[in-house]
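[1] Give me the fold of what follows.
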Amino acid sequence: MRKVVLAVVGGLFLLVAATWPVEAGPSKVVIGHPVCLSGKFAKEGSQASWGIKACVKWINEVYGGVRIGAKKVPLEYKYYDSESKKEVVTSLIERLVRIDKVHGIIAPYSSGLTITGAPVAERYHTIYMSHGGASNRIFEQGYQYAVQILSPATLYQAGALDMFHKVDPGAKRLALAFEDGEFARMVMRGAEEHAKKLGYKIVFKRTYPKKVTDLTPLLSDLRAAKPDIVLGGGHFQDGQLFARQMADLDVNVKALSLIVAVTLPAFYEALGPKAEGMMGPAQWEYGVAYSPEEAKKAGLEWFGPTNEEFIKLAKEFSGGKEPDYHAAEAGAVPLVFVKAVEMAGSLDPDKIREAFSKLHLMTFFGEFKIDPETGLQVGHSMVVVQWQGGKKVIVWPPEAATGKLYYPMPTFAEKAKGKKAVP
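    Predicted coordinates:
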């Protein structure tokens, strides 16, 4: 870059054209991820990686990269397997920040691992984006750089309770049985508070250990409490065990809503007809009508691929397997990060965090808006899905539903004879 400068030569002032080196802008933007590709959360972590890769590809190949100043640069996704272990998560965040020089960190799956990594990202003043850490407690610690993408844990079962209350106000006996983990405990806290507001009677409330292998004692006591409705779960393995042993013990209730496990295709693959009528909350599903048109109606900016485009891209990285909400919530991370960077016009973490506080838009995953002070997600809404005839159907809220609720759930004896939860 040539500039005109004033020079003094022999006592005379002269105008001289000089060339000064100008600091080059970034050649790329990098987001890092201690992803769970093995260990307890391998299924969820694998889904997350597919979703992120899909949206990074869309950003680079369709959108043209991240605009920094007057040019666009590619977005790079740098990741390592955290093995679903806390000690590995912390060491990998250190590596991503100090060695790989990433500009933002995508938190690992689960609230427990997200909480573990948060202080490390905070220490390095690095944007820390939670796609699978729903616990409200993460955002009650005063972290300045943490941002939540998905709905908080306390709201997970609120939709199901509202739905049951509407379709069967006489079903008041409620059982709560959740995994003793950070995320599940927070879901239970929110469910209990919301249930009491709606007039439910809590007839059973208990947690079970992580890596549980037998829920027979707990489910036997739950059956003795004679609940109308059961809310529970934690993650995939324990949720699958919960449902299977309910069937083995012939514990029949009007409705069962389990977090995480029910939403995964592998749940029905493992349980088959026993899963008919079971339901759970989901952050995203195929039929949810988020689109550029819906964004326009809501007065919001739309950014990113459509649902159909996202699914097609994700399948490129999944080997043809269908993405679930874990892929979608993770895929939304690079989209909102790019918009925050562009709004900030900088890779300075403080400016990016300030931009996040002002960001309000819609992606294929839904609405995005955080509480400016805490980083807690306040814009995104959840849906309730139910297995009907071997397919997942959105049954709540009414404006997002792709089918009608089947209620009460068929008994396990009826399902053994071939009965499906098809309205």
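
[2] and the gap between A401 and V393?
    Between A401 and V393 the computed distance is 8 Å (C-beta to C-beta, to the nearest Å). (Glycine included, C-beta is placed from N, CA and C.)

[3] between those two, who's got more neighbours?
    Higher neighbour count among A401 and V393: V393, with 22 against 18, using other C-beta atoms under 10 Å.

[4] Hmm, G403 and that one touching each other?
    Yes: under the contact definition of C-beta atoms under 8 Å, V393 touches G403, with a separation of 3.8 Å.

[5] Flag the shaky bits of this structure, pLDDT-wise.
    1-24 (pLDDT under 70).

[6] per the record, what domains does it have?
    29-151+287-368, 155-282+389-416 (automatic domain parsing).

[7] Tabulate those in CSV, adding columns for distance to G375.
    CSV is the format used below for the domains of the chain (distance: least, C-beta to C-beta, whole Å):
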stretch, distance to G375
domain 29-151+287-368, 5
domain 155-282+389-416, 16
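
[8] those helices in the stretch 1-150 of the chain, which residues are they?
    42-57, 86-98, 111-123 (DSSP state H, counting those that start in this stretch).

[9] wait, which of the domains of the chain is closest to L376?
    Proximity to L376, assessed across those by C-beta to C-beta, is greatest for domain 29-151+287-368 (4.2 Å).

[10] So what would you say the end-to-end distance of the closest one is?
    With C-alpha to C-alpha, to the nearest Å applied, domain 29-151+287-368 spans 22 Å between its terminal residues.

[11] between V393 and G403, what contacts are shared?
    Common contact partners of V393 and G403 (C-beta atoms under 8 Å, 6 or more residues apart in numbering): Q386.

[12] which stretch of helix or strand covers P334?
    Using DSSP states H and E, P334 sits within helix 325-344.

[13] Report the distance from that helix to the chain centre.
    Chain-centre distance of helix 325-344: 11 Å, with C-alpha atoms, centre = their mean, to the nearest Å.

[14] next one: stretch 28-47
    13 Å.

[15] try stretch 222-241
    For stretch 222-241, the distance to the chain centre is 22 Å (C-alpha atoms, centre = their mean).

[16] Quick check: the gap between F236 and Y290.
    For F236 relative to Y290 (C-beta to C-beta), the value is 25 Å.

[17] for D250, same thing?
    40 Å.

[18] which one of those two has more residues nearby?
    Y290 (21 against 11).

[19] my guess is that one contacts N307, does it?
    Yes: using C-beta under 8 Å, Y290 is in contact with N307, at 6.7 Å.

[20] Give the intersection of the neighbour lists for the two.
    F364.

[21] burial count for K404?
    13.

[22] Pull out the buried residues from stretch 195-210.
    A195, Y200, I202, V203, F204, R206, T207, Y208 (16 or more other C-beta atoms under 10 Å).

[23] doesn't the fifth one fall inside a helix?
    No: the secondary structure assignment for F204 gives strand rather than a helix, going by DSSP: H, G, I helix; E, B strand; the rest coil.

[24] In this model A177 seems to touch it, though I could be wrong.
    Yes: at 6.9 Å, F204 and A177 qualify as touching, with contact defined as C-beta under 8 Å.

[25] what's whichever helix or strand F178 is part of packed up against?
    Per DSSP H and E: F178 is located in strand 173-179. The contact analysis (3 or more C-beta pairs under 8 Å, 6 or more residues apart in numbering; DSSP states H and E) places strand 173-179 against helix 182-197, strand 201-208, helix 216-224, strand 229-233.

[26] can you put those in a markdown table and add distance to K358?
    Listed next are the helices and strands packed on strand 173-179 as a markdown table, based on distance: least, C-beta to C-beta, whole Å:
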| stretch | distance to K358 |
| --- | --- |
| helix 182-197 | 27 |
| strand 201-208 | 39 |
| helix 216-224 | 46 |
| strand 229-233 | 36 |
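
[27] Among the ones you listed, show me which one is buried the most.
    Counting by mean count of other C-beta atoms under 10 Å, strand 229-233 has the highest mean neighbour count of those, with a mean of 28.

[28] what angle sits between it and strand 173-179?
    Note on geometry: by axes from the mean of the first three to the mean of the last three C-alpha atoms, to 10 degrees, strand 229-233 and strand 173-179 are set 10 degrees apart in direction.

[29] Could you tell me the angle between the direction of strand 229-233 and that of strand 201-208?
    20 degrees.

[30] what sits up against strand 229-233?
    157, 160-161, 164, 171, 173-179, 184, 188, 191, 200, 222, 239, 242, 253-262, 280.

[31] Put the alpha carbons of it into PDB.
    The C-alpha trace of strand 229-233 is given here as PDB (Å, rounded to 0.1, in the frame of the first residue of the first chain):
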ATOM      1  CA  ILE A 229     -47.600 -40.400  33.500                       C
ATOM      2  CA  VAL A 230     -43.900 -41.000  33.700                       C
ATOM      3  CA  LEU A 231     -41.100 -38.600  32.800                       C
ATOM      4  CA  GLY A 232     -37.500 -39.700  32.900                       C
ATOM      5  CA  GLY A 233     -34.300 -40.700  31.200                       C
END
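
[32] need the strands for the stretch 251-400 of the chain, in chain order.
    Using DSSP state E, counting those that start in this stretch, the strands found in the stretch 251-400 of the chain span residues 255-259, 279-282, 301-302, 361-363, 366-368, 383-388, 391-396.

[33] Serialize the ones you listed to a markdown table and add fields for distance to T116.
    Output for the strands of the stretch 251-400 of the chain, formatted as a markdown table (distance: least, C-beta to C-beta, whole Å):
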| stretch | distance to T116 |
| --- | --- |
| strand 255-259 | 20 |
| strand 279-282 | 24 |
| strand 301-302 | 34 |
| strand 361-363 | 27 |
| strand 366-368 | 25 |
| strand 383-388 | 29 |
| strand 391-396 | 31 |
